[in-house]
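*Asks:* Generate coordinates for the sequence data below:
(one chain, ligands or ions: 1)
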Amino acid sequence: MTSRARSVATALAILGAVWWINPAPSSAATAVLATSQQIGTSVQGRPIEVACIGSGDRSVLLVGGLHTGPEAHSVDLVLEVARLAWSSDLEVPAATRLCILPVLNPDGLVSGNRTNARGVDLNRNWPALNWSADAYHPEGGAVSGGSGPLSEPETRALWNYVLQTRPDVVLVLHCCGAVVEANDSADAGALATAFAAGASMQHIAEWTAYPVTGQFIDAMDRIGIGAMDIEMEALGDIALDDHRAGLVRVLDALEGASSQPPVVRQAAVTRVTYRVLPGDTLANIAVRHGTTADVLTSINRLASPDLITVGQVLAVR
Ligand SMILES: [Zn+2]
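*Replies:* Now for the predicted structure:
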């Protein structure tokens, strides 16, 4: 195990310990609720964990280590943010909750690769409308998008967690570019503007440097979850003060919005629907529409993939 991988395990253990030893300050005004949970397991069996602090209804999910290898410093940044929040050096406002996922690709953190243990690029494996098995990244050219959307245990873990918890916004760290790109759902655009202003970054409407298929923020659009990619400025530099200032702006914006009714979370894309015919199964409907039964179950909020009826109208894209 590399020292960085060891530090993740240690840090998460410490975060857990903070909760068990000192669950909450006595004053209700500063009450802090911290929890951590394993949300899944990597290809090689390493745990994928999320820890949350704060008791408000408005939540931010901060994700590091979706790409590792050269982007592994995003893990260091998330852990440093966690250390600040758990030691109360970063205030989590009363109406908000901060959840951190330090490393989505723990196998890549250990191996030093950008991709997961099966060589799949975890930002090309999401059920966005343009998912493709054959994907691209400028570093090395062709990369795998997986055998299908959500074919990898790491992406499935985060997808299921987001569906269950429906955060107000998901911030995903990448490198490099000093730019922020948001999807079109919920308040993501305004929150990206707030983050960029705090972090002295540029908020761009769309990533145009190279084509990206099956990416996370576009998949979040399909289920109406606001999300943004934050391209850290430079390799190896966590630029803590800048990113902290950006995060504070996002938390403050959510705190300020907490007296307003929540944004109606409708998917930003126009849905394509399909009416179930006799003999259909969710699996064969999925194949015909280039998706998977898991994805159809999620976007239609079905209790079970077996529970479809003739005449029922399903969203398929
Ligand atoms: Zn990346």
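*Asks:* C-alpha only now, for contacts and for neighbours.
*Replies:* OK.
*Asks:* Around the ion, which positions in the chain sit nearby?
*Replies:* Selection of the chain residues close to the ion by CA under 5 Å from the ion yields His67, His174.
*Asks:* And the residue of the chain that's closest to the ion?
*Replies:* His174 (3.9 Å; CA to the ion).
*Asks:* tell me the contacts of the residue nearest to that residue when sequence neighbours are not counted?
*Replies:* Spatial nearest neighbour of His174, excluding adjacent residues (CA to CA, 6 or more residues apart in numbering): Glu231 at 4.6 Å. For Glu231, the contact set (CA atoms under 8 Å, 6 or more residues apart in numbering) comprises Leu173, His174, Cys175, Cys176, Gly177, Ala178, Val179, Val180.
*Asks:* Just give the nearest non-adjacent residue to the residue lying farthest from the centre of the chain, would you?
*Replies:* Within the chain, Pro278 marks the point farthest from the mean C-alpha position, 37.4 Å out by CA atoms, centre = their mean. Counting by CA to CA, 6+ apart, the nearest residue to Pro278 once its immediate chain neighbours are dropped is Val310, at 5.7 Å.
*Asks:* Past the helix or strand of the chain with the lowest mean pLDDT, which element shows up next along the chain?
*Replies:* Sorting the helices and strands of the chain by mean pLDDT, DSSP states H and E puts helix 3-21 at the bottom, at a mean of 52. Note on helix 3-21: by DSSP states H and E, the next helix or strand toward the C-terminus is strand 34-41.
*Asks:* Following the chain onward from that next one, which element is next?
*Replies:* strand 47-53.
*Asks:* All the helices of the protein, in order from the start?
*Replies:* 3-21, 73-86, 106-111, 153-165, 188-199, 216-222, 240-256, 282-288, 293-299 (DSSP state H).
*Asks:* Any chance of those helices in CSV with mean neighbour count as columns?
*Replies:* Output for these, formatted as CSV (neighbours: other CA atoms under 10 Å):
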stretch, mean neighbour count
helix 3-21, 15
helix 73-86, 22
helix 106-111, 24
helix 153-165, 18
helix 188-199, 23
helix 216-222, 24
helix 240-256, 20
helix 282-288, 16
helix 293-299, 19
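*Asks:* hmm, back to that, the residue of the chain closest to the ion: what's it in contact with?
*Replies:* Taking CA under 8 Å, 6+ apart as the test, what His174 contacts is Gly64, Leu66, His67, Glu71, Ser74, Asp229, Ile230, Glu231, Met232.
*Asks:* now the residue farthest from the centre of the chain: how far from Gln312?
*Replies:* 11 Å (CA to CA, to the nearest Å).
*Asks:* what do you get for Tyr136?
*Replies:* Tyr136 is 37 Å from Gln312, by CA to CA.
*Asks:* And those two? Which one has more around it.
*Replies:* Neighbour tally, Tyr136 and Gln312, criterion other CA atoms under 10 Å: the higher count belongs to Tyr136, 19 against 11.
*Asks:* so Glu255 touches Thr96, yeah?
*Replies:* Yes - Glu255 is within contact range of Thr96, at 6.2 Å (criterion: CA atoms under 8 Å).
*Asks:* tell me, what's touching the two both at once?
*Replies:* With CA under 8 Å, 6+ apart, Glu255 and Thr96 have common neighbours Arg58.
*Asks:* Excluding chain neighbours, what is closest to Ser36?
*Replies:* Ser36 sits nearest to Ala51 (CA to CA, 6+ apart), 3.9 Å away.
*Asks:* can you pull the pLDDT of the one you found?
*Replies:* The score at Ala51 is 91. That number is its pLDDT.
*Asks:* can I assume it is in contact with Val103?
*Replies:* No - contact criterion CA under 8 Å: Ala51 and Val103 do not qualify, at 11.5 Å.
*Asks:* what pLDDT does the residue of the chain closest to the ion get?
*Replies:* His174 is given a pLDDT of 96.
*Asks:* ok, so of the contacts of Glu231, who is nearest Ile39?
*Replies:* Here the nearest of the contacts of Glu231 to Ile39, counting by CA to CA, is Leu173; it sits at 18.8 Å.
*Asks:* pretty sure that closest one is in contact with Gly65, am I right?
*Replies:* Yes - the pair Leu173 / Gly65 is scored as a contact, 7.4 Å apart, by CA under 8 Å.
*Asks:* okay, and the common contacts of these two?
*Replies:* With CA under 8 Å, 6+ apart, Leu173 and Gly65 have common neighbours Ser74.
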